[in-house]
Every structure is written in C-alpha cells, then in structure tokens.
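Asks: structure for this input, please:
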Amino acid sequence: MKRLALALVVGAAMTVSTGCAALWSWPVSAAGPGSLYVNETIPSKDTTSTQYRFERKDFDILGPVTAEAETTSILGWVASGDGGYGKLLSAAKSQFNADDVIDVRIDTEYSNILGLFSTVKTKIMGVAIKYKK
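Replies: Below is the predicted model of the structure:
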C-alpha cells in the first residue's frame, strides 16, 4: 500500500513538473492545467520588443475590430485551426479596408477534457487604421 501511494505521489509530481503540463509553463494569471478537465480564460503575454512612434498625422483611425479564432487537438496527436493575428487583420481589411491594426489585445479560453480533446478559442481585439500616403 505504501509503495502504491509513493508511486502515485511520484507520478503526480512528474506530471506537473515536466513539459507543457508544468505549472510554471502557464501564464502567471492562470490557475494552471487540470488533470481531468480544464475550462479557463487567460490573457495573453505581450512578447513584443519592437517599438514604433506613430504620430496622429501618420494614419487615420477607422474603428474597433474583433476576430475570433479556434484551434482543436485530439489526443494531442492531431491539431488544427487558426489562432493567429492574420484573422484580425483580415477582419480589419474586409470591414474597413484597413492597412493595419494597432492596440491589439488577446483573450484566450482553454478547454481540455482528460487530455483527449482540447480546444483553444482566441478573441483578438484591436483598432483598425489606414496609413496616410
């Protein structure tokens, strides 16, 4: 009985300390991955390092734009979907004939059931702009 308990503790420790399941691999604001079921919304980290200084005379603000994207994984073997910035830029171009999007914000909703079926829904928001020639 003691060996079984020790094996369970060691197995659990290995699960939460390695690879993508490691608790420290998740954003600080998230609760961390669940073993049996996950359904949480987490903010994205800002990893940009390039800074531009825009003057108001360089572009016109067209309006707010939003896009939603979804990716799905089955058994961790097959993954598909589109969760990228391109979806937001396409929405800005089709809605406003925009050149770019600024002030981008991202919310991510993550769901996982027993590691068998995972879904990541991303809501991307920003401000569509048109550069002045």
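Asks: which residues touch residue 59?
Replies: Listed by CB atoms under 8 Å, 6 or more residues apart in numbering, the contact set of residue 59 reads 99-100, 129-132. In this view, the C-beta of every residue, glycine as well, is placed from N, C-alpha and C.
Asks: hey, where'd the helices end up in this protein?
Replies: 2-15, 86-96 (DSSP state H).
Asks: so for residue 118, which of these sits nearest?
Replies: The closest of the helices of the chain to residue 118 is helix 2-15. By CB to CB, the value is 15.9 Å.
Asks: show me what the closest one is packed up against.
Replies: Using 3 or more CB pairs under 8 Å, 6 or more residues apart in numbering; DSSP states H and E as the contact test, no helix or strand touches helix 2-15.
Asks: in that helix, what counts as buried?
Replies: Within helix 2-15, no residue is scored as buried using 16 or more other CB atoms under 10 Å.
Asks: put the alpha carbons of it into CSV.
Replies: The C-alpha coordinates for helix 2-15 follow below in CSV (Å, rounded to 0.1, in the frame of the first residue of the first chain):
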residue,chain,number,x,y,z
LYS,A,2,2.9,2.4,0.9
ARG,A,3,4.5,1.6,-2.5
LEU,A,4,1.3,2.4,-4.4
ALA,A,5,0.9,5.7,-2.5
LEU,A,6,4.6,6.6,-3.2
ALA,A,7,4.2,5.7,-6.9
LEU,A,8,1.1,7.9,-7.2
VAL,A,9,2.9,10.9,-5.5
VAL,A,10,6.0,10.5,-7.7
GLY,A,11,3.8,10.2,-10.8
ALA,A,12,1.8,13.3,-9.9
ALA,A,13,5.0,15.2,-9.2
MET,A,14,6.4,14.2,-12.6
THR,A,15,3.2,15.2,-14.4
